[in-house]
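Visitor: Got a sequence here, can you build the structure:
(one chain, ligands or ions: 1)
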Amino acid sequence: MRLFVAIPLPEDVRVGLAMLAGGVPGAGWVPADNLHLTLRFLGEVDGRQFEEVCLGLGRVGGDAFPLELSGVGHFGDRRQARVLWAGVRPSEALARLRGRVERNLEDCGLPREERRFHPHVTLARLRGAPVERVGRFFIEHSRYASRRFLVDGFTLFSSHPGHGQSIYRPEAEYPLELPQDAGVAGAAAGWA
Ligand code: 2AM
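Guide: Next up, the predicted model:
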């Protein structure tokens, strides 16, 4: 099984992200339904490890927190970008959640992730996209920002080959704790 842990995004945020698609020849845009924020890619995991991973993630816990997406960027060489992404406004709570996920997966026997965590939402994978069109994408969308939304859980997904696009299936969902007065606090923080 090919697994990853991710934060699912609210539908309106995904729709807003999907509206950034276009204008870059050679871009394979991620469909709105597949957009997510990866916390940890696990890769191939066998049945026994899968059970341990599910239990380990169940021990992560923690409080729900607000998050905002902000800006766009790329992975790969500036003149040969491989991936276009939407960025995430820096969040201590997100970094802490990622740390807890990482520690609990290590406790399950998974090798430590050596790469630095760079929170992002992949929008497109590129193949031979003209550099000036990629540059225009950055100019046009540099001010992109989502609304503030509540991260109230994370999900263990399995990834399956589909026609053109991967199919992501939720295997297990892990809620984060809502503050006692979530309704009032959430409205005040502009989560809703
Ligand atoms: P991404 O968030 O940068 O797109 C499912 O494929 C998820 O796992 C994607 O979100 C993808 O990262 C991540 N992923 C896939 N293959 C990966 C790899 N080899 N290393 C790290 N992350 C990977």
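
Visitor: Dump stretch 173-181 to CSV, keeping only the CA atoms.
Guide: What follows is stretch 173-181, C-alpha atoms only, in CSV (Å, rounded to 0.1, in the frame of the first residue of the first chain):
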residue,chain,number,x,y,z
GLU,A,173,-9.4,9.9,9.9
TYR,A,174,-7.9,11.4,13.1
PRO,A,175,-9.9,14.3,14.6
LEU,A,176,-8.1,17.1,16.5
GLU,A,177,-9.7,18.4,19.6
LEU,A,178,-12.0,21.4,19.3
PRO,A,179,-11.7,24.0,22.1
GLN,A,180,-14.6,23.8,24.6
ASP,A,181,-16.1,27.1,23.2
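
Visitor: buried ones in it?
Guide: For stretch 173-181, burial by neighbour count (16 or more other Cβ atoms under 10 Å) applies to 174, 176. Any C-beta I mention is one placed from the backbone N, CA and C, and that applies to glycine too.

Visitor: who touches that stretch?
Guide: 57-58, 60-65, 97, 151-156, 185 (Cβ atoms under 8 Å, 6 or more residues apart in numbering).

Visitor: Could you pull out the helices in the chain for me?
Guide: In the chain, the helices defined using DSSP state H lie at 11-18, 47-58, 92-107, 131-141, 182-189.
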